[in-house]
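# Model the structure of this input:
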Amino acid sequence: MKLLDIYIANAWRIFDANFGNNRAESAIFAVVDLLHERADLKEEFLRLAKATLSEQEGFWTARAPVPLELLEVAVHELQWQEFHQIIETRRRLFPFDTKYKRLVDAFNPAWEDREYYQRYRLEP
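Below you'll find the model as predicted:
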């Protein structure tokens, strides 16, 4: 779990320094790759995702446990069904906030925001 926390913190440090996805990509995919490798970390990551999405403004700021961009890639890569429930909870908690739609879109195999990540651009 400590490695998961370190990778997430690295992503936040990069975003907090005003660098974008291109610089944070290695940290983002380090988290996703770790979650692919270690099924025992799934519940902890889901807990962090839920905590992130349950805050009104924390969703976009470093106050949140997980950066939005990391959540989007995790949703896209992992396709965990539990994400649907967490996203739906966000929608119910904040019915006038449509930011959650970015996460819904990430479930799509042809996710439009894939273009922001070099890993996807290098795929055949």
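
# Every contact and neighbour count from this point should use C-alpha atoms.
OK.

# Can you tell me the closest non-neighbouring residue to I87?
Once flanking residues are discounted, I87 sits nearest to Y100: 6.5 Å by CA to CA, 6 or more residues apart in numbering.

# helices and strands of the protein: which one bottoms out on pLDDT?
The least trusted helix or strand in the chain, going by mean pLDDT, DSSP states H and E, turns out to be helix 118-121, with a mean of 87.

# for this structure, what's the longest helix?
When the chain is parsed with DSSP state H, its longest helix is helix 21-37.

# Just list the residues touching the residue nearest to L70 when sequence neighbours are not counted, thanks.
What sits nearest to L70 in space, not counting adjacent residues and going by CA to CA, 6+ apart, is I28, at 5.5 Å. Contacts for I28 (CA atoms under 8 Å, 6 or more residues apart in numbering) come out as Y7, I8, A11, E69, L70, V73.

# so who does the first one touch?
The contact partners of Y7, by CA under 8 Å, 6+ apart, come to A27, I28, A30, V31.
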